[in-house]
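**Q** The following comprises the amino acid sequence and a computationally predicted model.
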Amino acid sequence: MTSSFTLVPETVGPPTKIAVRDLKVFFGKQMALRGVTLDVPACRILGIIGPAGSAKTTFLRALNRMNELSPDSHMEGQVVLDGQDVYHPEFDPVLLRKRVGMVFALPMPLPMSIHDNIVYGPRLCGIRGRSTLDELVESSLKAAFLWDEVKDRLKTSALRLSGGQQQRLCLARTLAMQPEVIMLDEPCSGLDPISTARIEEALTTLKARYSIVLVTNNTKQAARVADTTAFFLMGELIELGPTSQIFTAPHDKRTNEYVTGRFG
Amino acid sequence: MKLKREKLVEKVLLVVACSTILSLMLIAVFMLKEGVPFLLKVGLRRFLFSSEWQPRNGQYGIYPMIVASLWVTVGALLVGGPLGIAGAIFLTEFVPRGVMRVVKPAIELLAGIPSVVFGFIGVMVVAPFIREYAGGPGLSVLAAALILGIMILPTVMSISTDAISAVPQSFREGALALGATRWQAVHMVVLRAARSGIIAGVILGMGRAIGETMAVIMVAGNAVKMPHSPLDSVRTLTANIALEMGFATGMHRQALFATGLVLFVVIMLLNSLAMSALKKRAGTR
Amino acid sequence: MRIEPKHTQRAAVVILGSATLFTLVILVLIIVFVLEKGLPAVSLEFLFTKPQEMGRAGGILPTLVGTILLPLVAIAIAMPLGVGTAIYLTEYTRETRLTRIIRFGTDCLAGIPSIIFGLFGFIFFVTTLGMGWSLLSGGLTLAIMVLPTIIRTSEEAIRAVPNAYREVSCSLGATRWETVVKVVLPNALPGIVTGMMLSVGRSIGETAAVIFTAGSSLRMPHSVFDSTRTMAVHFYILAREGISNENAYGTAAVLVIAVLLVNMLTYWLMHRFIARKAR
């Protein structure tokens, strides 16, 4: 069965950070992700849109091998990060997750102080020294546009922050790992418009240094923020192209119906 | 390097996790090692059903002890069972939740009292009372049944409470909506639904009663004879083991291990019965 | 003759309520009785001097020491084994045949009466392994006895830690063991400690398993290989041999207070645990 997706390449392409070739993900006998091929461009924001159940989250989790936490999942195909196959038996998944960071849909602060949340990952890597860690905390929080709001209470529990603040904390926490790729899975669902705006502002600034993959349920958000957009439907990649083109003149009928709100 | 440490950790934890199985096997092996040769020599039927327990003369019949254990256990169940179930019903159905949350732990806390203390109370208070008002030596089946009953009461009550609390609220509401009083809802609907859990509680209480040693030694009298009335002094299987272990040698000691084996088997059976009753409850949900 | 349901309800409430009240009263009376008869004998001297004439006179110091040391040894052995098993069962495997066997073994162990543990401890630790009547034999035996409790409570506590924490930790590049040590265990700690306290409470009152393994020496234990007598054992001997009713009551009072304290501490901890979870 040939997948019916349409790939429209950019005329001047940025280098590819992650190359995904015919990626399939199975849960038991169920094929959740059906042979996706795309390139994640470096230092750009790739938006992924599609209705619920399209396996967008599964796709993200396949990129940093988080799917392996589910007992009966297995994959086929290739995920290549900077020329290296991440599923190769000798490739350390722990190392992978440091290079490819993830922000989840629901804010998930660890039950610790704000400061400890951010240094949790770096400490595991062996980074020590109070001043080094403090600088890391400050720079990560600034990059996530959260520093001004919490700089006076870094030792208080992260669970006391508002939803929007917690989500930015999670972003800062991921940034503290100094990854190369940042994946965000519907990060603004359930957040108020102001928090959403802050996060989008942060992402637009961050793409200068990081490659960003943003899964979003909100097509308008993709339209605002993403450089390229991919449309997933029922586990398949239907169309991929520059955001402006996807939203004004999509090639596939189904893409058109989704972005104009005929279904969702 | 971290990967190597991870693999090591997993192996160590696997070994640690097998410690329960290892312990159980060790216990089984050693009980069998001491008890089976004896049983082969003396014969299981004679061991279980002969009434002569005179180790010095080579007589090893534990029938009086079996009967004693039975009488004492049934007596304990008659005391502790109804009290425990009544308490469970009362605390879950007829009392505000705040009261239940105080009284239930209070009863469980109080019942953490060591068995030797219970036994002592039996000797100091219950036995003289029985001797005074009912006759006999006082240290008797009756005394043991009363004391053991109070001891197993928290077990029965605790498990029954869990079983009754687990009945979905919709059952009660359904009955009440049909015009039943609270008591009718309880005994016609809730108790029926919680039945297997309550039975499990009773069976586990029974297991505890059969296995109890110290309190029984202190109040049951420890005479090796067939009981003919609840006022008779008796010696249970557990008491027999504990009393004679101190000075038993050779075949005598093996006989005590064989007694332990019998106890072990009986209690295992009871516990698996209780487990399957508990599972049945979960299954019918 | 049909009785009004209202009346049967009232009768039921009265009967059930009386039964419950009766239970409470009996248990309270027992404690009051022991304390009333025993507290007069308890004094600092009683607690801190050695017994004389096999306990007819003097105090209970060595038994106090024994009652503290024995559960300590048992816990020191049982906690690593029990928590380790709980970690393995929840974090490192899913339900396989092996895990079912392990759980079955745990359930079986939990149901074995203490006299059988006493028998086993005697024939295995004291005799076959040659440890003699000692803190070590007693501690090992008690450890096996409380292992199921520790495994059960620890497993429950570990399972209660939200999966989100594990996911986050993993996504930040932690290995499974690092996640367990840095995120799961700290969060499961109150529940694990509850299990430990329950085991301590049980060990303090345990007699049948202890008397055949730790012995009943009245000397102060100086090493784990020394025999020792716990308060429960001392009380039992005093009472049965009729050595001294007064001292027996005194020992009983101390014993009961100790157990009550440990159990109350456990409940307080459990409530903190529940309160934390609710947040």
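**A** Looks like it arrived, so ask away.
**Q** Each with direction, which strands does whatever helix or strand A:Thr37 lives in pair with?
**A** Per DSSP states H and E, A:Thr37 falls inside strand A:30-41. When pairing is defined by DSSP bridges, strand A:30-41 lines up against strand A:16-27 (antiparallel).
**Q** tell me the mean pLDDT for the strand it pairs with?
**A** Across strand A:16-27, pLDDT averages out at 92.
**Q** Spatially, what comes nearest to the residue of the stretch 1-150 of chain B found nearest chain C if we skip its sequence neighbours?
**A** The stretch 1-150 of chain B approaches chain C most closely through B:Pro114 (3.0 Å), counting by C-beta to the nearest C-beta. (C-beta placed from N, C-alpha, C; glycine too.) Excluding its sequence neighbours, the residue lying closest to B:Pro114 (C-beta to C-beta, 6 or more residues apart in numbering or on different chains) is C:Gly205, at 3.0 Å.
**Q** In terms of pLDDT, where does that neighbour sit?
**A** 88.
**Q** what about it, how many neighbours?
**A** Neighbour count of C:Gly205, defined by other C-beta atoms under 10 Å in any protein chain shown: 23.
**Q** B:Tyr60 now?
**A** Counted with other C-beta under 10 Å, B:Tyr60 comes out at 24.
**Q** can you check A:Gly83 too?
**A** Counted with other C-beta under 10 Å, the neighbours of A:Gly83 add up to 7.
**Q** May I have the phi/psi pair for it?
**A** Per-residue torsions, A:Gly83: phi 80, psi 0 (degrees, to the nearest 10).
**Q** So which bits of stretch C:180-194 are buried?
**A** C:Val180, C:Lys182, C:Val183, C:Val184, C:Leu185, C:Asn187, C:Ala188, C:Pro190, C:Gly191, C:Ile192, C:Val193, C:Thr194 (16 or more other C-beta atoms under 10 Å in any protein chain shown).
**Q** What lies in contact with it?
**A** With contact meaning C-beta atoms under 8 Å, 6 or more residues apart in numbering or on different chains, stretch C:180-194 is reached by A:110-111, A:120, A:124, C:83, C:87, C:91, C:150, C:153-154, C:156-158, C:160-161, C:165-166, C:169, C:174, C:266, C:269-270, C:272-273, C:276.
**Q** From those residues, keep the buried residues only.
**A** A:110-111, A:120, A:124, C:83, C:87, C:91, C:150, C:153-154, C:156-158, C:161, C:165-166, C:169, C:174, C:266, C:269-270, C:273.
**Q** just how off-centre is the helix or strand hosting B:Ala258 within its chain?
**A** Element membership for B:Ala258, per DSSP H and E: helix B:250-283. Its chain's C-alpha centre and that of helix B:250-283 lie 10 Å apart, by C-alpha atoms, centre = their mean, to the nearest Å.
**Q** next one: stretch C:156-172
**A** Per C-alpha atoms, centre = their mean, the centroid offset for stretch C:156-172 relative to its chain is 29 Å.
**Q** Ok, stretch B:247-255 next?
**A** Here stretch B:247-255 shows a centroid-to-chain-centroid distance of 26 Å under the convention C-alpha atoms, centre = their mean.
**Q** just the CA coordinates of it, formatted as CSV?
**A** Output in CSV follows, covering the C-alpha atoms of stretch B:247-255 (Å, rounded to 0.1, in the frame of the first residue of the first chain):
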residue,chain,number,x,y,z
PHE,B,247,13.5,-30.7,75.9
ALA,B,248,12.5,-32.9,73.1
THR,B,249,15.2,-35.0,71.4
GLY,B,250,15.3,-37.6,68.6
MET,B,251,12.0,-39.0,67.6
HIS,B,252,10.2,-36.9,70.1
ARG,B,253,11.5,-33.8,68.4
GLN,B,254,10.7,-35.2,65.0
ALA,B,255,7.2,-35.8,66.2
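**Q** Now do the spatially most central residue of chain B, the pLDDT please.
**A** Central residue of chain B (C-alpha atoms, centre = their mean): B:Arg208, 1.5 Å from the mean position. Note for B:Arg208: predicted pLDDT of 87.
**Q** in what helix or strand does it lie?
**A** Element membership for B:Arg208, per DSSP H and E: helix B:195-211.
**Q** what about stretch A:67-87, near chain B?
**A** No: Stretch A:67-87 is not in contact with chain B by C-beta under 8 Å from any C-beta of the partner chain; minimum separation 13.8 Å.
**Q** ok, residues contacting that stretch?
**A** Stretch A:67-87 has contacts (C-beta under 8 Å, 6+ apart) with A:17-28, A:33, A:35-36, A:58, A:61-65, A:91, A:93, A:96, A:99-100, A:180-181, C:94, C:166-167, C:170.
**Q** Endpoints of it, how far apart?
**A** Length of stretch A:67-87, first residue to last, C-alpha to C-alpha, to the nearest Å: 12 Å.
**Q** now that stretch: how far from the chain's centre is it?
**A** Stretch A:67-87 sits 16 Å away from the centroid of its parent chain (C-alpha atoms, centre = their mean).
**Q** next one: stretch C:204-216
**A** Distance of stretch C:204-216 from its chain centroid, counting by C-alpha atoms, centre = their mean, is 13 Å.
**Q** Residue numbers of the stretch 101-250 of chain C in contact with chain A?
**A** So the stretch 101-250 of chain C meets chain A at C:164-175, C:178, C:182-183, C:187 (C-beta under 8 Å from any C-beta).
**Q** And these, which two are furthest apart?
**A** Greatest spatial distance in these: C:Gly173 and C:Asn187, 19.5 Å, computed using C-beta to C-beta.
**Q** Name every strand pairing with the worst-scoring helix or strand of chain C on mean pLDDT and say which way it goes.
**A** Scoring the helices and strands of chain C by mean pLDDT, DSSP states H and E places strand C:57-58 at the bottom, with a mean of 72. As defined by DSSP bridges, the strand partners of strand C:57-58 come to strand C:51-52 (antiparallel).
**Q** for the record, mean pLDDT for the partner strand?
**A** Here strand C:51-52 scores 75 as its mean pLDDT.
**Q** likewise stretch A:158-165?
**A** The average pLDDT within stretch A:158-165 is 89.
**Q** about what we covered before: among the residues of the stretch 101-250 of chain C next to chain A, which are in strands?
**A** With DSSP state E as the criterion, strands contain none of those.
**Q** At which residues are the strands of the stretch 51-200 of chain A located?
**A** For the stretch 51-200 of chain A, the strands defined by DSSP state E, counting those that start in this stretch occupy A:73-81, A:84-85, A:100-103, A:181-185.
**Q** Strand partners (parallel or antiparallel) of the shortest one?
**A** When sheet partners are counted by DSSP bridges, strand A:84-85 sits next to strand A:73-81 (antiparallel).
**Q** and the angle from the strand it pairs with to strand A:181-185?
**A** 140 degrees (axes from the mean of the first three to the mean of the last three C-alpha atoms, to 10 degrees).
**Q** Tell me the buried residues in strand A:73-81?
**A** Residues A:Ser73, A:Met75, A:Gly77, A:Val79, A:Val80, A:Leu81 are the ones in strand A:73-81 that count as buried (16+ other C-beta under 10 Å).
**Q** re the thing from before, phi first, then psi, for the residue of the stretch 1-150 of chain B closest to chain C.
**A** B:Pro114 adopts backbone torsions of phi -60, psi 150, taken as degrees, to the nearest 10.
**Q** so it touches C:Thr207, yeah?
**A** Yes: contact criterion C-beta atoms under 8 Å: B:Pro114 and C:Thr207 qualify, at 6.8 Å.
**Q** which residues are common contacts for the two?
**A** Here B:Pro114 and C:Thr207 share the contacting residues B:Met214, C:Ala232, scored by C-beta under 8 Å, 6+ apart.
**Q** of all the buried residues of stretch C:180-194, which two lie farthest apart?
**A** The two members of the buried residues of stretch C:180-194 with the most space between them (C-beta to C-beta) are C:Lys182 and C:Thr194, at 21.4 Å.
**Q** Mind telling me which residue of the stretch 101-250 of chain B is nearest chain A?
**A** Nearest residue of the stretch 101-250 of chain B to chain A (C-beta to the nearest C-beta) works out as B:Arg101 at 26.0 Å.
**Q** And the helices in the chain?
**A** By default, I'm working from chain A. Along chain A, counting by DSSP state H, helices occupy A:56-63, A:93-99, A:114-124, A:130-143, A:147-150, A:163-176, A:193-206, A:219-225, A:243-248, A:253-259.
**Q** let's do chain C instead
**A** Assigned by DSSP H, the helices in chain C fall at C:5-38, C:44-48, C:61-87, C:97-111, C:114-121, C:135-160, C:163-171, C:176-179, C:185-205, C:208-211, C:231-240, C:245-278.
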